[in-house]
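K.L.:
Coordinates for the following, if possible.
(one chain, ligands or ions: 1)
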Amino acid sequence: MTPSSRATEPAAPVSTPASNPASRQPRFVVAPGGTLRGQLRVPGDKSISHRAIMLGAIADGVTEISGFLEGADALATLAAFRAMGVVIDGPDRGRVRVMGAGLEGLRDPGLALAMGNSGTSMRLLSGLLSGQRFATTLTGDASLSRRPMRRVTEPLRAMGAEIETTSAGTAPLVVRPVANLHGIHYRMPVASAQVKSSLLLAGLYATGETCVTEPAPTRDHTERMLTAFGYPLERTPGRVCLHGGGRLRAIPIAVPADISSAAFFLVGASIAPGSELLLQGVGLNPTRIGVINILRAMGADIGVEGLREEGAEPVADLRVRPAPLRGIEIPADQVPLAIDEFPALFIAAACAEGETLLTGAEELRVKESDRIAVMAEGLTALGIRAEVLPDGIRIVGRGQRPDVFTGGRVHSHDDHRIAMSFAMAALRASGPVEIEDCANVDTSFPGFAALAAGAGLGIVEEAA
Ligand code: S3P
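P.N.:
Alright, predicted model coming up:
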């Protein structure tokens, strides 16, 4: 099957698997079977790591970050602010010190800012940069350069920003200085935390009030962190407003472990008999816990221990044991709350009794890959029946049998979450699972293979 994009705001066509030997990447080879056991802490939350750098850079004072994700995406954000003159120490084992330059303290980087694979960097920065006195160009890798950017550039233009995209509405983005940004009241057509955050960051530099209304709840890390930095926000259900011209005061930020990275282990320990994992310090922001809600609805055994508040975010340890899973119709209200975890959830669905149906998830088609098409392709290659729908997928689970997947070769299409999801499938496969194009695992989960191997997954990372 050829991956395609049918979202309302189409991305350019998805690339075919890398067949050019010059573009060889690391690959995973995962032995069949095994269990996941022990305690582990997955790396820091990607969304929060980005925001800690961004808000720290424009705050007054020094922001001390711990638990920062040293993955390529968050490092792209860090490098961008360094290029704009912000003094940043680290990262050193998750510790970063950002010497805030204040709201008006960023400097012309004098070169294009490379965002790599990171949609969050590009979309949030396009808002923040719209309010600066210098022009910037934002570039991305092949995958990011196919992703839709009009969702941010159109409302930013409505605020008075000057931003150019390609004729396809994609990066590179050129953001030019304007005399004045003005606040708008914007009703987002898609539930996107990146769009919401981009407009709020532009709103810091705008005259008057900027309000964003969302069609469904999306992650609210920007709102929580702005509040923690002392910036006044007005929040009502489904809507957030702020006035430009305030100040941010630096605070220490402890970044929780990323629930999106924990998701692979939640699924792995749920499907592999004999497993028991304790995932430490996982961020449990209510706008991110769809993966737990959905897995529990499928019958998963996930316990929440030691729930606490760290910084502006709820955090807990998650204890996961295997359980018989059943297929479900995924509730519509959980879709935005689990948007990054569907590749892992599809692996769980294949191990469930009966069918799992996902609809209303067209956004998956414009992530780092077309995650519906690419997951269906990989599931099919491993012997699972999966029907692609315009806005979702139907997966026929194979239930309690030990060998749910056949083993075989799948392509991640340069998408980190696809690669890690299929690594977990090997726990219930009859043969080795080989996963191609794994370089981008480093964007969100550096050290994944070593951590997973330590917990019992038979994974070997073969160098390019
Ligand atoms: C993110 C928001 C989500 C998510 C992405 C990170 C963020 O994207 O998929 O991985 O940090 O704001 P959308 O805003 O496009 O839904």
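
K.L.:
tell me the domain boundaries of the protein?
P.N.:
23-43+256-462, 46-254 (automatic domain parsing).

K.L.:
how close does the residue lying farthest from the centre of the chain sit to the ligand?
P.N.:
Of all residues in the chain, Ala179 has its C-alpha farthest from the mean position, at 33.6 Å, by C-alpha atoms, centre = their mean. Distance, Ala179 to the ligand, using C-beta to the nearest ligand atom, to the nearest Å: 29 Å. In this view, the C-beta of every residue, glycine as well, is placed from N, C-alpha and C.

K.L.:
so what's that residue scoring on pLDDT?
P.N.:
Ala179 carries a pLDDT score of 96 in this model.

K.L.:
Next, work out how far apart it and Leu75 are.
P.N.:
For Ala179, the distance to Leu75 (C-beta to C-beta, to the nearest Å) stands at 34 Å.

K.L.:
spatially speaking, which residue is in the middle of the chain?
P.N.:
Nearest to the chain centroid, counting by C-alpha atoms, centre = their mean: Asp340, 5.6 Å.

K.L.:
Please verify my assumption that it contacts Ser260.
P.N.:
Yes: when contacts are counted by C-beta atoms under 8 Å, Asp340 is listed as touching Ser260 (4.6 Å).

K.L.:
so what's in contact with those two at the same time?
P.N.:
Arg417 (C-beta atoms under 8 Å, 6 or more residues apart in numbering).

K.L.:
Count residues in the vicinity of the nearest residue to Ile251 once chain neighbours are set aside, would you?
P.N.:
If the residues on either side of it in the chain are set aside, Ile251 comes closest to Ala228, at 5.6 Å by C-beta to C-beta, 6 or more residues apart in numbering. By the criterion of other C-beta atoms under 10 Å, Ala228 has 17 neighbours.

K.L.:
Likewise for Gly90?
P.N.:
16.

K.L.:
And Gly303, by the same measure?
P.N.:
11.

K.L.:
ditto for the one 3 residues further on
P.N.:
As a burial measure, Gly306 scores 10 neighbours (other C-beta under 10 Å).

K.L.:
and the gap between it and the ligand?
P.N.:
Gly306 sits 25 Å away from the ligand, going by C-beta to the nearest ligand atom.

K.L.:
Now the one helix or strand Thr443 maps to - C-alpha only, CSV.
P.N.:
Assessed by DSSP states H and E, Thr443 sits inside helix 441-444. Extracted C-alpha coordinates of helix 441-444, given in CSV (Å, rounded to 0.1, in the frame of the first residue of the first chain):
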residue,chain,number,x,y,z
VAL,A,441,14.1,7.7,17.1
ASP,A,442,16.6,10.1,18.5
THR,A,443,14.2,13.0,17.9
SER,A,444,12.1,12.0,21.0
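
K.L.:
Briefly note if it comes near the ligand.
P.N.:
No: against the ligand, helix 441-444 shows no contacts by C-beta under 6 Å from any ligand atom, the least distance being 8.2 Å.

K.L.:
need the residues of the chain near the ligand, please.
P.N.:
Ser47, Thr120, Ser192, Ala193, Gln194, Ser197, Arg219, Ile339, Asp340, Glu363.

K.L.:
again, only using 8 Å
P.N.:
Contact residues (C-beta under 8 Å from any ligand atom) of the chain with the ligand: 46-47, 50-51, 119-120, 123-124, 151, 190-197, 218-219, 221-222, 260, 336, 339-340, 363, 366-367.

K.L.:
Filter the residues you listed down to the ones in helices?
P.N.:
Among the residues of the chain next to the ligand, the subset assigned to helices under DSSP state H consists of 46-47, 50-51, 119-120, 123-124, 151, 193-197, 221-222, 260.

K.L.:
Quick check on the residues you listed: which are buried?
P.N.:
46-47, 50-51, 119-120, 123-124, 151, 193-197, 221-222, 260 (16 or more other C-beta atoms under 10 Å).

K.L.:
any idea how far the residue nearest to Arg247 when sequence neighbours are not counted lies from Pro43?
P.N.:
Nearest residue to Arg247 in three dimensions, chain neighbours excluded: Asp60, at 5.9 Å (C-beta to C-beta, 6+ apart). To Pro43, Asp60 is 29 Å away according to C-beta to C-beta.

K.L.:
ditto for Gly246
P.N.:
In this view, Gly246 and Pro43 are 32 Å apart by C-beta to C-beta.

K.L.:
Give me the more crowded residue out of those two.
P.N.:
Pro43 (24 against 14).

K.L.:
Check which helix or strand the closest residue to that one other than its chain neighbours maps to.
P.N.:
Distance criterion C-beta to C-beta, 6+ apart; nearest residue to Pro43, sequence neighbours excluded, is Leu69 at 5.1 Å. Using DSSP H and E, Leu69 falls within no helix or strand.

K.L.:
hang on, isn't Leu69 packed against Arg41?
P.N.:
No: with contact defined as C-beta under 8 Å, Leu69 and Arg41 do not form a contacting pair (12.0 Å).

K.L.:
quick one: which of the two has more around it?
P.N.:
Neighbours per residue (other C-beta under 10 Å) separate Leu69 from Arg41, with Leu69 holding more: 29 against 17.

K.L.:
and that one, what does it touch?
P.N.:
For Leu69, the contact set (C-beta under 8 Å, 6+ apart) comprises Pro43, Gly44, Asp45, Lys46, Ser49, Gly94, Val255, Asp258, Ser444.

K.L.:
Ok, Ala250 next?
P.N.:
Residues in contact with Ala250 (C-beta under 8 Å, 6+ apart) are Gly56, Ala59, Asp60, Gly61, Val62, Thr63, Val98, Gly100, Phe229.

K.L.:
Just the buried subset of the residues you listed, please.
P.N.:
Buried residues within the contacts of Ala250, counting neighbours by 16+ other C-beta under 10 Å: Gly56, Ala59, Thr63, Val98, Gly100, Phe229.

K.L.:
I'd like the residues you listed written out as a markdown table, with distance to Gly183 and secondary structure added.
P.N.:
A markdown table is the format used below for those (distance: C-beta to C-beta, whole Å; DSSP: H, G, I helix; E, B strand; the rest coil):
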| residue | distance to Gly183 | secondary structure |
| --- | --- | --- |
| Gly56 | 24 | helix |
| Ala59 | 21 | coil |
| Thr63 | 26 | strand |
| Val98 | 27 | strand |
| Gly100 | 23 | coil |
| Phe229 | 19 | coil |
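
K.L.:
quick one: which two of those residues are the most distant?
P.N.:
Farthest apart among the buried ones among the contacts of Ala250 by C-beta to C-beta are Val98 and Phe229. That separation is 11.7 Å.

K.L.:
The residue nearest to Arg247 contacts Gly102, correct?
P.N.:
Yes: counting by C-beta under 8 Å, Asp60 does reach Gly102; the two are 5.4 Å apart.

K.L.:
Give me the common contacts of those two.
P.N.:
Shared contacts of Asp60 and Gly102 (C-beta under 8 Å, 6+ apart): Arg247.

K.L.:
mind checking how far the closest residue to Ile339 other than its chain neighbours is from Gly431?
P.N.:
Computed as C-beta to C-beta, 6+ apart, the closest residue to Ile339 that is not its neighbour in sequence is Glu363, at 6.1 Å. From Glu363 across to Gly431, the span is 33 Å (C-beta to C-beta).
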